[in-house]
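Peer 1: Predicted model and sequence below, questions to follow.
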Amino acid sequence: MKISCNKLKSYINNSEKIDWLSIWDTFTIRVAEVEGIELKGRGYENIVVGEIIEALPHPKKDKYNILKVDNGKKHLSILCGAPNCKKGMKVALVNVGGKVNDFEISEKEIAGVLSQGMLLSASELGIGDDHSGIIELPNDYVVGTNLKEILPLEDIIVEIDNKSLTNRPDLWGHYGIAREIAAITKQELKQIEIEEITNDKKDLNIKIFNENCNRYLGLKIDNIKENKSPLAMQIFLSYVGMRSLSLLVDLTNYVMLELGTPMHAFDSTNIDKIEIDVAHNNDTFITLDGIERTLSKDYLMIKNNDEYYAIAGVMGGLNSEVEENTSSIILESASFDATSVRKTATSLGLRTEASTRFEKSLDPNLNEIATKRFVKLLRDIDSNIQIVSNLTDVYPNKQNTIKLKLTKEKLTRYLGVTISDDEVKKILESLEFSLTVKKDYYEVIVPTFRATKDIEIEEDLIEEIARIYGYENINIEPLRVNLEAKMEEKDYDLSYELKKYLATKFSLNEVHTYLWNNTNLLKKLEVLENNVKVLGRVEDNVLRDDLLYSLVDVSIENAKYKNKFGIFEIGTVIKDNENYQDLGIMLINDDKYIKEAYFELKRIVLSIFKDFKNINVELLPIKLDTIYHEPLSLGIFINGEEIGSLGVIEKTIIKKKSILYAKIDFAKFSKIEKLDTIYEELSKYPSVTLDYTLVVPKDYNYQKVKEIIDKFNSPIFQKYEFVGLFETELDIKYTFRYTVGSYDHTLTSEELEEFKNLFIKYNKEHKINILE
């Protein structure tokens, strides 16, 4: 959010005593984070009010005019290509030697004409985006006057981080920021100027039919003649990031930027009553941006019978838009439920300045002040306006003040310093809290603009006192605590070591992802959203039960920049409404290197268990989700218990890329005791490896095959390991690698042949054939 220091100065007495550049360091510490500061108007010099005395077309250059311009001292010759040049027009003139954005203007001959200056557009002057023509100044401006003496061209614009204002609905307008600055600098905050409205006319016909509208004020104003905003207002709006559109629209934005509460002006031509109620499903409505939107029964609308005028708290409609010739309006200042506005804006994909503020739970009591402020500003510009209705106020859900008790003992204990009653009173009253000092405590009434979602408990008051008192004024003292031995956190230490291991040994990159799945990705992969859902979220509301889709989401983005990479995360997943920790590992490689990547993933998994637990796990074929390529899906087993899985994603998610994924139940992994290393004397004689492919019936699963071959024995048998499988319609082929050897001699070919025959015979007895 952008803030104008010129505007802040107008709210604070003795504002000249404040250093408006350095105050923001203190503001960051005590209130909210400042992201940047921009100095406006500093690169502009010697720009004065000029008047075009004569405008003649260039004889040879189409679209150019030769102008004679009065600068208050003499007449200048200027060549100008703006289409709106005309005799008698007051303009922004840069004299020779003057500067525009630090660029010095010199006298030069252009197209045979001596040009002795430059006329500026709003864009060139830095006060808007319009560069279609030169800016036209009001006729009452005196020729030769320096523009900086008339217009607030020089300003300090401060950008405040919106996230740090989320829980401070009072800071979404300049007046709230000024209140904080005044409190910090111990200056007096001025009361905002308003016009009192006499209720001696008829009420407007306003009815609220839904509880999501807390308050609705309406006022009808006629006889509006002016349609253009003063230049000072246009400059303010431009500097804080808003376009000037027309006087009435600009005024609603101006008051919103002042007080933080959005307003809306309807052309009253066809409006005889206002109803606040929800829409009908699948009705359509064209918003001010010209887009036809399909409505839902959950959207709160401003309407008249079945004609809609606005989406409450989000955007008005094209059918009641205020235009340049609008002379009669109904002015709306309302309060809508924050959650309702957020859901509607999110559902529509339509975030506006208004919805952003309404989502912060604004104070309904600001609505009346905002309306009276609008009338005051409008009358200052257009004195002929007529108020033709009562200020009609429908306020079913009143926002009450909160009364809190703050004990002096607790304040001192929390802050570590004793602050006098007078100082506490000054601090809280500077923030517009009401305070009564008692013997042992303070009785505090919280203003409504801090009571909607901010100040609720005693500790909140302590924070208010501490930040205005100044954290830097609280002495730092060492904590007085009992020293106790640190509790061993095995899981944390193991997690840290495992992360370091994966990053250093295998060059994998650690990622941190959200707890919820990307629902768009799930739909793309045709995965059912069958896990726990988060209430209050419209999008990405499915909590993950696997790290898979979180890592896929990250990989899709990174694959744009790298052909091959690996990522991992130790993160929370939700299964059966319980929290679990999983380790997820994902490798991305070109399709042609899928075999290498597959063996690399297996190597990583086996290494983890070997290096951390000194155990050899079994990688056995299992059936995973349909998203996996089944023949390459393996379960990770320890003593028959599944502790994880690995496989290859079958669907093409990233073009020409293979995605391989392994997961390990981290809780189970951490509970495994590390085995001691048992050393055995190595045989002096070489061992021999023999690969056998076992052809088994379809009804034999891997576990049954394993049980059979585990019972096979031979004097020269040492160990075996699973290599792979291949499945056909008729049978399944499992390949195992056997190691055979002896401790007292080198095996002969006869012994190897005898082992082979014995192995074949044993398997045939169990209906297993050996592929020759």
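Peer 2: Good, I have the coordinates.

Peer 1: Report the beta-bridge partners for Gln581.
Peer 2: Judged by DSSP bridges, the bridge partners of Gln581 are Thr572.

Peer 1: what's the neighbour count on it?
Peer 2: Applying other C-beta atoms under 10 Å, we find 18 residues neighbouring Gln581. C-beta: built from backbone N, CA, C; applies to glycine.

Peer 1: go on, Asp250?
Peer 2: With other C-beta under 10 Å as criterion, Asp250 counts 21.

Peer 1: Repeat that for Thr739.
Peer 2: 14.

Peer 1: check contacts around it.
Peer 2: Ser687, Val688, Thr689, Leu690, Gln718, Lys719, Tyr720 (C-beta atoms under 8 Å, 6 or more residues apart in numbering).

Peer 1: any idea whether the third one is helix, strand or coil?
Peer 2: In other words, Thr689. Applying DSSP: H, G, I helix; E, B strand; the rest coil to Thr689 yields a three-state assignment of strand.

Peer 1: Pull the contacting residues for it.
Peer 2: Neighbour list for Thr689: Arg737, Tyr738, Thr739 [criterion: C-beta under 8 Å, 6+ apart].

Peer 1: thinking again about what came up before, between the contacts of Thr739, which is closest to Tyr216?
Peer 2: Distance to Tyr216 across the contacts of Thr739 (C-beta to C-beta) is lowest for Tyr720, with 79.7 Å.

Peer 1: Could you tell me the phi and psi values at Ile574?
Peer 2: phi -110, psi 120 (degrees, to the nearest 10).

Peer 1: Run a quick neighbour tally on it.
Peer 2: For Ile574, using other C-beta under 10 Å, the count is 17.

Peer 1: and the residue lying closest to it once chain neighbours are set aside, how many neighbours?
Peer 2: Ranked by C-beta to C-beta, 6 or more residues apart in numbering and with sequence neighbours excluded, the top spatial neighbour of Ile574 is Leu543, at 4.4 Å. Applying other C-beta under 10 Å, we find 19 residues neighbouring Leu543.

Peer 1: and if you look at Glu45?
Peer 2: For Glu45, using other C-beta under 10 Å, the count is 17.

Peer 1: Roughly how far does it sit from Val100?
Peer 2: 9 Å (C-beta to C-beta, to the nearest Å).

Peer 1: Now the nearest residue to Arg342 once chain neighbours are set aside. Its backbone dihedrals?
Peer 2: The spatial neighbour of Arg342 that comes closest, neighbours along the chain excluded (C-beta to C-beta, 6+ apart), is Glu359 at 4.5 Å. With angles defined as degrees, to the nearest 10, Glu359 sits at phi -70, psi -10.

Peer 1: Pull the contacting residues for Glu359.
Peer 2: Ala338, Val341, Arg342, Ala345.

Peer 1: Filter those residues down to just the ones in helices.
Peer 2: Ala338, Val341, Arg342, Ala345 (DSSP state H).

Peer 1: can you pull the pLDDT of the last one?
Peer 2: It stands for Ala345. Predicted confidence (pLDDT) for Ala345: 94.

Peer 1: tell me the secondary structure for Leu257?
Peer 2: Per three-state DSSP, Leu257 ends up helix.

Peer 1: On the C-terminal side of the lowest-mean-pLDDT helix or strand in the chain, identify the next helix or strand.
Peer 2: For the chain, counting by mean pLDDT, DSSP states H and E, helix 519-524 ranks last in confidence among helices and strands (a mean of 76). Next helix or strand after helix 519-524 toward the C-terminus (DSSP states H and E): helix 548-558.

Peer 1: which helices and strands sit right next to that next one?
Peer 2: Contact here means 3 or more C-beta pairs under 8 Å, 6 or more residues apart in numbering; DSSP states H and E; on that basis helix 548-558 packs against helix 519-524, strand 565-575, strand 578-590, strand 657-665.

Peer 1: Distance of Glu309 relative to Ser355?
Peer 2: No, residue 309 isn't Glu; it's Tyr. Relative to Ser355, Tyr309 is positioned 16 Å away (C-beta to C-beta).

Peer 1: circling back: name the stretch among the helices and strands packed on helix 548-558 that sits most buried.
Peer 2: Neighbour counts (mean count of other C-beta atoms under 10 Å) averaged over each of those peak at strand 657-665, with a mean of 22.

Peer 1: Show me what that strand is packed up against.
Peer 2: Using 3+ C-beta pairs under 8 Å, 6+ apart, strand 657-665 sits against helix 548-558, strand 578-590, helix 594-613, strand 641-648.

Peer 1: same thing but at 10 Å, please
Peer 2: Applying 3 or more C-beta pairs under 10 Å, 6 or more residues apart in numbering; DSSP states H and E, one finds that strand 657-665 contacts helix 548-558, strand 565-575, strand 578-590, helix 594-613, strand 634-638, strand 641-648.

Peer 1: quick one: it to strand 641-648, angle?
Peer 2: 170 degrees (axes from the mean of the first three to the mean of the last three C-alpha atoms, to 10 degrees).

Peer 1: Following the chain onward from strand 657-665, which element is next?
Peer 2: Next element after strand 657-665 (DSSP H and E): helix 666-671.

Peer 1: per-residue confidence averaged over that following helix?
Peer 2: 92.

Peer 1: go on, stretch 230-240?
Peer 2: Rounded mean pLDDT across stretch 230-240 is 95.

Peer 1: As PDB, could you dump the C-alpha coordinates of that stretch?
Peer 2: Output in PDB follows, covering the C-alpha atoms of stretch 230-240 (Å, rounded to 0.1, in the frame of the first residue of the first chain):
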ATOM      1  CA  PRO A 230      -9.000  19.100  -9.000                       C
ATOM      2  CA  LEU A 231      -5.400  18.600 -10.100                       C
ATOM      3  CA  ALA A 232      -4.200  18.200  -6.500                       C
ATOM      4  CA  MET A 233      -6.500  15.300  -6.100                       C
ATOM      5  CA  GLN A 234      -5.500  13.800  -9.400                       C
ATOM      6  CA  ILE A 235      -1.800  14.000  -8.300                       C
ATOM      7  CA  PHE A 236      -2.500  12.400  -5.000                       C
ATOM      8  CA  LEU A 237      -4.400   9.500  -6.600                       C
ATOM      9  CA  SER A 238      -1.600   9.000  -9.200                       C
ATOM     10  CA  TYR A 239       1.100   9.000  -6.600                       C
ATOM     11  CA  VAL A 240      -0.500   6.300  -4.600                       C
END
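
Peer 1: Show me what counts as buried in it.
Peer 2: Residues Pro230, Leu231, Met233, Gln234, Ile235, Phe236, Leu237, Ser238, Tyr239, Val240 are the ones in stretch 230-240 that count as buried (16 or more other C-beta atoms under 10 Å).

Peer 1: Rebuild the helices and strands packed on helix 548-558 as CSV, extending it with distance to Tyr11.
Peer 2: Formatted as CSV, the helices and strands packed on helix 548-558 follow (distance: least, C-beta to C-beta, whole Å):
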stretch, distance to Tyr11
helix 519-524, 45
strand 565-575, 47
strand 578-590, 49
strand 657-665, 57
